[in-house]
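1. Everything below, folded, please.
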Amino acid sequence: MEIHPTAVVSGRAELGSGVRVGAYALIEEDVLIGEGCEIGAHAVVKRYTVLGARNRVFEHATLGGEPQDVKFKGEASRLLIGDDNLIREGATLHRASGEGAETRVGSRNFLMIGVHVAHNCEVGDDNIFANGVALAGHCTVEDHVFLSSNVGAHQFVRMGRYAMVGGKSKIVQDVLPFFTTDGNPARVRGLNTVGLRRAGFAPASRLALKRAYQLLFRARVPLGEVLGQLDAMDDEHVRHLADFIRGSRRGFSREQRGERRGGEEAGDD
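-> Residues are numbered from 1 along each chain as shown. This next block holds a predicted model:
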């Protein structure tokens, strides 16, 4: 263990073997930091935060801050972070609102400069959030999602696995898995072909997802009928897509269409 002499570490914090704490960092009581973590200079890890192993927390990041929620009354809640995450400069990850509630961030995520993960969010594994991404409270992000710079997400939005979202997109409805979504208002632009190929998806699965895209946005049949056709396709990823749609409470972003005069997109209303 290596703790810089200017760092302030509570005697009631528990640090695993091989933890390094940089200059002027602050670690409060009731914090658990797993083995091999590195806490950068001026970073703050506040109470009720748990980090797994080998996380790197860069300068001026703040983990476990109180939720920005008018309903919060100081109750005990937690921020739980998995293993092998990169949390870059100035990122803020807040603990949950509600007695005993949790904000969860999984493993192997790359959260770039200025990312904000608000209270009660659930973030899975292997995601990349570029500079300035902001998730409002109660958002859910599955696995292998790529959010480009300055994406902003409304409360309770869900983002499906292997989705890609373009920079500065305004997300107010669920983001479908396996597709690329972009714009303000956000619209689906097509299959995340490059991401799926890089992830090693079999050609048959990519073809099935392409067919699912066509059924959803080109077939012009009722959604219930489309979901039935997706269920009948023998592909686990298509089934996940159908289940994700069924689980939507805010609705989901639809396909980009042609523009009306003056730039207003058809179908916005």
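
2. Would you mind finding the longest helix in this structure?
-> As assigned by DSSP state H, the longest helix anywhere in the chain is helix 203-217.

3. What distance do you get for E38 to N109?
-> Between E38 and N109 the computed distance is 16 Å (CB to CB, to the nearest Å). No exception for glycine: its C-beta is placed from N, CA and C like everyone else's.

4. Which residue ranges of the stretch 51-200 of the chain form helices?
-> All helices of the stretch 51-200 of the chain, identified by DSSP state H, counting those that start in this stretch, fall at 193-198.

5. low pLDDT regions in it?
-> Applying pLDDT under 70 to the stretch 51-200 of the chain picks out no residues at all.

6. So the protein: which segments form each domain?
-> Residue ranges for the domains of the chain, per automatic domain parsing: 2-138, 196-259.

7. highest average neighbour count across those?
-> Mean neighbours per residue, mean count of other CB atoms under 10 Å, is largest over these for domain 2-138, with a mean of 19.

8. Let's see the distance spanning that domain from one end to the other.
-> For domain 2-138, the first and last residues are 36 Å from each other (CA to CA, to the nearest Å).

9. same deal with stretch 168-175?
-> Rule used - CA to CA; the end-to-end distance of stretch 168-175 is 14 Å.

10. buried stuff in it?
-> 169, 171-175 (16 or more other CB atoms under 10 Å).

11. how far out from the middle of the chain is the longest helix of the chain?
-> Its chain's C-alpha centre and that of helix 203-217 lie 24 Å apart, by CA atoms, centre = their mean, to the nearest Å.

12. which residues are in contact with it?
-> 178-179, 188, 190-191, 193, 196-197, 201, 221, 226, 229-230, 233, 235-238, 241, 254-255 (CB atoms under 8 Å, 6 or more residues apart in numbering).

13. do that again at 10 Å, thanks
-> By CB atoms under 10 Å, 6 or more residues apart in numbering, the residues outside helix 203-217 that reach it are 162, 176-179, 188, 190-193, 196-197, 201-202, 221, 223, 225-227, 229-230, 233-242, 245, 252, 254-257.

14. now stretch 19-26
-> Counting by CB under 10 Å, 6+ apart, 1-10, 13, 15, 27, 33-46, 51, 53, 55-62 sit against stretch 19-26.

15. Could you rerun that using 7 Å?
-> Identification of contacts with stretch 19-26 by CB atoms under 7 Å, 6 or more residues apart in numbering yields 1-4, 6-9, 27, 33, 35, 37-44.

16. so which of the domains of the chain gets nearest L147?
-> domain 2-138 (4.7 Å; CB to CB).

17. sorry, back to before: export the buried residues of stretch 168-175 to TSV and tack on distance to V70?
-> Below are the buried residues of stretch 168-175 laid out as TSV (distance: CB to CB, whole Å):
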residue	distance to V70
S169	27
I171	22
V172	21
Q173	24
D174	25
V175	27
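
18. among these, which two are most distant?
-> Most distant of these, by CB to CB, are S169 and D174, 13.1 Å apart.

19. For C121, see how far away A134 is.
-> In this view, A134 and C121 are 11 Å apart by CB to CB.

20. Next: L227.
-> Remark: distance between L227 and C121 (CB to CB) = 27 Å.

21. try L86
-> For L86, the distance to C121 - CB to CB - is 18 Å.

22. same thing with F252?
-> F252 sits 19 Å away from C121, going by CB to CB.

23. Y213 too?
-> According to CB to CB, Y213 and C121 sit 28 Å apart.

24. okay but P185 is in contact with S169, surely?
-> No: counting by CB atoms under 7 Å, P185 stays clear of S169, with 8.8 Å between them.

25. Between those two, which contacts overlap?
-> Between them, P185 and S169 share no contacting residue, judged by CB under 7 Å, 6+ apart.
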